[in-house]
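> The sequence isn't on hand, but the structure is:
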């Protein structure tokens, strides 16, 4: 999940882990793009409004990359 708000990241992480999902978190679009290349997630929860690279730019870069284009994204 990608969100610049630490409280949102922590809340979503706890909720998902309580349902036995494995989670990775990133505080920015730049960090998220690096993590996606390393970990190939099954799904990305992506905040739209972030400083620097916003969620739309992150999604655009993910969809333009052949290795990440098919990862589902839920925009928050």
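On my side now, so go ahead. Only a predicted model underlies this, so the values are computations on that prediction, with no experimental measurement involved.

> which intervals of this protein have sub-threshold pLDDT?
Counting by pLDDT under 70, the chain contains no low-confidence residues.

> just the strands in it please.
Listed in chain order, the strands of the chain (DSSP state E) span residues 44-46, 73-75.

> So which of the ones you listed is nearest residue 12?
Nearest to residue 12 among those is strand 44-46 (6.5 Å), distances taken as C-beta to C-beta. (Glycine included, C-beta is placed from N, CA and C.)

> Give me the contacts around the closest one.
Strand 44-46 has contacts (C-beta atoms under 8 Å, 6 or more residues apart in numbering) with 1-3, 12, 32, 36, 55, 58-59, 62, 71-76.

> Can you say which of these are buried?
Among the contacts of strand 44-46, the ones that count as buried by 16 or more other C-beta atoms under 10 Å are 1-3, 12, 32, 36, 55, 58-59, 62, 71, 73.

> Rebuild these as CSV, extending it with distance to residue 22.
CSV is the format used below for these (distance: C-beta to C-beta, whole Å):
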residue, distance to residue 22
1, 11
2, 16
3, 17
12, 13
32, 16
36, 14
55, 22
58, 20
59, 22
62, 19
71, 15
73, 18
